[in-house]
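Asks: next input, structure requested:
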Amino acid sequence: MTVIARRFSSRPIRTSSKTWDAITSLICGTNGEARLEFEKVSGIASALIAEESFRDHPFVVLGSGPRLRVYCLYDEDSITAEDRNEYPLKWEPTKGNWKGFLPCSSEDIGWAADALKKKSSRFVAYDVDEGIPEEDQQKSASISLSIDVEGFKKL
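Replies: Coordinates of the predicted model:
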């Protein structure tokens with residue numbers, strides 16, 4: 001599976017909520033339905049960005065196309081922006097069936113997982129010490145494949 005990474009400048013260049021807004025804009029593009037899902041979890045994601053969970057552990061989107069990993073840069077790394085990569089994507093990761101995995105410290109996993117369940121079925125919190133459970137990765141990967149047989153026949 002192909003993996004693409006993006007790195008967003010966060011604190012002090014952006015607040016955590018502005019960082020989530022930038023991530024949302026990049027990933028959702030013009031997909032209004034996906035944007036609504038991202039907005040539902042904005043407060044939770046912003047809190048995790050503020051806790052610097054995205055520094056060494058990615059927010060992962062599994063769906064159509066490559067696996068997308070999103071990290072945040074903080075402090076001097078955010079200011080110098082040497083590793084920043086906020087370039088547009090060449091595919092729509094939120095087209096069709098997709099799932100977002102938000103990184104959480106062991107201390108935050110309880111409240112974050114509970115809060116996400118109440119807000120959206122597309123977002124899941126994962127403990128950074130354990131990683132994304134293999135079964136979730138396989139389920140997400142299996143639901144992202146669809147073949148347009150009629151379109152294929154036209155080729």
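Asks: show me the shaky parts of this protein.
Replies: For the chain, the stretches flagged by pLDDT under 70 are 135-155.
Asks: how about the helices of it, start to end?
Replies: 16-28, 32-40, 42-50, 75-80, 109-119, 134-143, 149-154 (DSSP state H).
Asks: packing partners of the third one?
Replies: The reference is to helix 42-50. helix 16-28, strand 99-104, helix 109-119 (3 or more CB pairs under 8 Å, 6 or more residues apart in numbering; DSSP states H and E). No exception for glycine: its C-beta is placed from N, CA and C like everyone else's.
Asks: same question, the first one
Replies: The elements that helix 16-28 packs onto, with contact taken as 3+ CB pairs under 8 Å, 6+ apart, are strand 3-9, helix 32-40, helix 42-50, strand 67-73.
Asks: now do it: everything it contacts.
Replies: In this structure, residues lying in contact with helix 16-28 by CB atoms under 8 Å, 6 or more residues apart in numbering are 6, 8-11, 14, 34-35, 38-39, 42, 45-47, 49-50, 59, 61, 68, 70, 72, 86, 88-89, 93-94.
Asks: what separation do you get for E52 and D75?
Replies: Per CB to CB, to the nearest Å, E52 is found 9 Å from D75.
Asks: these two: which is more packed in?
Replies: A direct count of neighbours by other CB atoms under 10 Å for E52 and D75 places E52 higher, at 17 against 13.
Asks: got the contact list for the more buried one?
Replies: C72, Y74.
Asks: at 7 Å what do you get?
Replies: Counting by CB atoms under 7 Å, 6 or more residues apart in numbering, E52 makes contact with Y74.
Asks: I132 too?
Replies: V60, F101, Y126.
Asks: give me the neighbour count for E130.
Replies: E130, neighbours per other CB under 10 Å, totals 9.
Asks: isn't A113 up against A125?
Replies: Yes: between A113 and A125 there is a contact under CB atoms under 7 Å: 4.3 Å.
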